[in-house]
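*Asks:* Everything below, folded, please.
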Amino acid sequence: MAKASESSIVTKCALLLDVLAASRSPMTFSQIVEETGFVKSSCHRILAVLVGERMVAYDKATRKYKTGERLSDWSRLAWRRVDLQEIASAEMRALSDSLKVNVALSILDRDTILYLRTVDHIHLRYAATMGDHAPLHCTAAGKVFLAFMPEAKRRALLSQLPLEKITERTITNVDDLTVELDAIAQAGHALALEEEFKGVYGLALPVWNEDRSVAACLSLWKTSASPEAREDLTACLEELTAASRRISKELGWRET
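*Replies:* Numbers count the residues shown, from 1 in each chain. Here you go, the predicted model:
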C-alpha cells in the first residue's frame, strides 16, 4: 500500500506509477484509489497530469488505466545504454575464481554463437576468445539458444544447419537433437559433453531480458578425463544459476 501522507506531487506521481507498473492488468479508478490510499479528488488530479504527459494511458471503453507510452520509451532508452558485458564481467570473474573453470558470455549471431567475453582459468589453444564464433548444435550455449527460441524458428534453423560431426559424441540427427532441446527447455540448462572438443565439458544457462526472452547465454567449461566429469560439472549448476539470475535482473528480468 502506498503512503497517502506524502505531500509532494512528484512523490504522489511516483507512487501511483509504482502501483500501475506492479499491476498485472489495467486498473480502474477505484482500484487505484484503494491501492494508493489517495483521496479521490487528489487521485483524479494526479491521473490527469500523468495522462497528459503520456506516462499513463486511459482506455475510455474499459475505463481503465495502465502505464503509458512515455514510460515504455524511457525503458527502451535505458536498455540501449545497458552494457551487457560490463554487467556480466564481475560475475564471470567470480565464477571462474570460485569454480576453477573457464566462463563465457555469448549471444546468438544468426546460425552461430558469438562470444562477447571470456574469462579463462585454463589456457588452451582452442579456448574461445572474444569475437569467436562456435556452432549451435554441439555447444552448451548453442543448445540453450536453440532450446528457448520459438518452435517455428528452431525448426527452420535446424533444417538449415549442417550439423557437422566434430567428435564421436556430436549429435547430428535433427530428431535426436530436438528431443534433447525439449529436455533442456524443461530443465533450464544445457550440457555439452565432449561434443565440440574431446575431453571438454560445458554447462550453460540463459540470461533473460525484461521480455522474458533469451538475451545472452552464460556458460562454463572445463577439461577432464574423469568418468565423474558430468557430475563435477553439474555441481557448478547452483552457482552458475545464481550468477545468470543476477545478470538477468540487471537487464530488467523479474521473477513471476
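*Asks:* so how many other residues sit close to residue 207?
*Replies:* 27 (other CB atoms under 10 Å). (Each C-beta comes from the backbone N, C-alpha and C, glycine too.)
*Asks:* Now it. Its backbone dihedrals?
*Replies:* Per-residue torsions, residue 207: phi -110, psi 120 (degrees, to the nearest 10).
*Asks:* What of residue 180?
*Replies:* Here is the backbone geometry of residue 180 (degrees, to the nearest 10): phi -70, psi -40.
*Asks:* Show the contacting residues for the residue lying closest to it once chain neighbours are set aside.
*Replies:* Take residue 180 and drop its neighbours on the chain: the residue closest to it by CB to CB, 6 or more residues apart in numbering is residue 171, 6.6 Å away. Contact analysis of residue 171 by CB atoms under 8 Å, 6 or more residues apart in numbering lists 137, 138, 163, 177, 180, 195.
*Asks:* ok, the third one touching residue 142?
*Replies:* No: proximity of residue 163 to residue 142 does not meet the contact threshold set by CB atoms under 8 Å, at 11.3 Å.
*Asks:* Give me the more crowded residue out of the two.
*Replies:* Taking other CB under 10 Å, residue 163 and residue 142 do not tie; residue 142 has more neighbours (27 against 18).
*Asks:* Pretty sure the more buried one sits against residue 135.
*Replies:* Yes: using CB under 8 Å, residue 142 is in contact with residue 135, at 6.0 Å.
*Asks:* so what's in contact with the two at the same time?
*Replies:* 112, 113.
*Asks:* looking at this structure, which helix or strand is least sure?
*Replies:* Ranking every helix and strand in the chain by mean pLDDT, DSSP states H and E puts helix 69-81 at the bottom, with a mean of 71.
*Asks:* next SSE after that one?
*Replies:* Next helix or strand after helix 69-81 toward the C-terminus (DSSP states H and E): helix 84-99.
*Asks:* Tell me how far residue 206 lies from residue 108.
*Replies:* Distance of residue 206 to residue 108, given as CB to CB, to the nearest Å: 11 Å.
*Asks:* More neighbours: which of those two?
*Replies:* Counted by other CB under 10 Å, residue 206 and residue 108 do not tie: residue 206 has more neighbours, with 24 against 20.
*Asks:* what's the more buried one in contact with, if anything?
*Replies:* Residues near residue 206 by CB under 8 Å, 6+ apart: 144, 148, 188, 214, 216, 217, 218, 244.
*Asks:* which of the residues you listed has the most neighbours?
*Replies:* Neighbour counts for the contacts of residue 206 (other CB under 10 Å) peak at residue 144, which has 31 neighbours.
*Asks:* which residues of the stretch 101-250 of the chain fall in strands?
*Replies:* Counting by DSSP state E, counting those that start in this stretch, the stretch 101-250 of the chain has strands at residues 102-109, 112-119, 133-135, 190-193, 200-208, 214-223.
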